[in-house]
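Asks: Pasting a predicted model and its sequence here:
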Amino acid sequence: MKLSVILFLFTSLSFAQMLNYEMMKKDLLNDVIRQEAFNKGETFIATKIDSVNVEHLLKLMLEKPYINNSDIESESLILTGEELQYLSEGIRKQYKKEWKEDDFSNRKLIKKSDILEYLDKYTNNQVIMISDPIYIKTDNTVCIYLAKLCRTTGYGSSSIVLYTKKGEIWKKSFDIVEDNY
């Protein structure tokens, strides 16, 4: 009987932690998309991240022995080579992950294979690729892969970026590595 009570408490605690993580993740994703979305047109979310582009960014990131944001007017943060390796492994594990509609509030999904055709057809709209957050240092700092694609401006960018929770809102801390195309 005692064992079943302990097992029940442990399972309940794990389930509550998982729900809390999912709520925090949804808040984070919505904050990021809201900040990165264009004002005109509609923003769609790609169901998967682009592994080729991610590998390009990871190569640039891992060439550095460490990264710091000392030139930014915020809390200083240094990422060691080990931490950069941890982040790269975390992002690589997501290549097969697919987002679902209920992962985002009021956003439609688009398959990665349909992005170019879609952008050609609807030039005022934007597509965002985003990874699952990878927590680093604290529960208030995450790393994500983020790519923004839009035909209107002939613009596209991708980055591996840190977001920090300030109050109730997730805000970009700094780009670890960024590439425009």
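Replies: Nice, thanks for sending it over. Residues are numbered from 1 along each chain as shown.

Asks: For this structure, just list every one of the strands.
Replies: Assigned by DSSP state E, the strands in the chain fall at 43-46, 66-68, 78-80, 108-110, 126-130, 134-136, 138-150, 155-166, 169-180.

Asks: would you turn these into a markdown table with mean pLDDT?
Replies: Formatted as a markdown table, the strands of the chain follow (pLDDT from 0 to 100):
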| stretch | mean pLDDT |
| --- | --- |
| strand 43-46 | 90 |
| strand 66-68 | 72 |
| strand 78-80 | 83 |
| strand 108-110 | 92 |
| strand 126-130 | 92 |
| strand 134-136 | 90 |
| strand 138-150 | 89 |
| strand 155-166 | 87 |
| strand 169-180 | 85 |
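
Asks: right, so those: which one is the most enclosed?
Replies: Highest mean neighbour count among these (mean count of other C-beta atoms under 10 Å): strand 126-130, with a mean of 23. The C-beta positions use only the backbone N, C-alpha and C, and glycine is treated the same way.

Asks: quick one: contacts of that one?
Replies: For strand 126-130, contacts defined as C-beta atoms under 8 Å, 6 or more residues apart in numbering pick out 29, 32-33, 36-38, 41-46, 48-50, 110, 112, 115, 118-119, 144-150, 158.

Asks: Also stretch 53-63?
Replies: Contact with stretch 53-63 is made by 67, 84-85, 87-88, 91-92, 95, 131, 145, 147, 158-160, 176-177, 179, as judged by C-beta under 8 Å, 6+ apart.
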